[in-house]
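Asks: coords please:
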Amino acid sequence: MGTARSSPGVGALGGQLIAVGGQGGNGSVLASAEGFNAADGNWRPLNPMATARIGPGAGVLDGLLYVVGDAAGKKS
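Replies: Reported below is the predicted structural model:
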C-alpha cells in the first residue's frame, strides 16, 4: 500500500481489493484510494474521492463501489 492508512472503507471490485479513505499516519483524513491486484501482488493508486472520510461504509452493487458516511457522521 502506497499510503499508510487505518480505518479505510474496503470493497472487492474488478479483481481488486480497493481501500478508500481512512486516517493517514500523520492523523490526516484521507480521500485517496488504492487497489490491490492479487494476481501481481501490487497496489496501485486510484482516483480519489471528492470527500475525505475516516471509517466509511463501502459496498459493491452492479459493478460500482459505493462509499458512504464516515466515523464523524458525514452522510454525503
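Asks: Quick check: pLDDT value at the residue positioned nearest the centre of the chain.
Replies: Nearest to the geometric centre of the chain sits V20, at 0.9 Å (Cα atoms, centre = their mean). Model confidence at V20, given as pLDDT, is 96.
Asks: same check, this time on G73
Replies: For G73, the pLDDT comes out at 54.
Asks: what about the strands in the chain?
Replies: With DSSP state E as the criterion, the chain has strands at 5-6, 9-13, 16-20, 23-24, 33-37, 42-46, 57-61, 64-68.
Asks: Touching, the residue nearest to the centre of the chain and A33? I think so.
Replies: Yes. Using Cβ atoms under 8 Å, V20 is in contact with A33, at 4.3 Å. For the C-beta atoms, the positions are set from N, CA and C on the backbone; glycine is no exception.
Asks: Residues that sit against both of the two, list them.
Replies: Residues touching both V20 and A33 (Cβ atoms under 8 Å, 6 or more residues apart in numbering): M49.
Asks: Around the nearest residue to N47 once chain neighbours are set aside, count how many other residues there are.
Replies: Spatial nearest neighbour of N47, excluding adjacent residues (Cβ to Cβ, 6 or more residues apart in numbering): A33 at 6.6 Å. A33 sits with 21 neighbouring residues when counted by other Cβ atoms under 10 Å.
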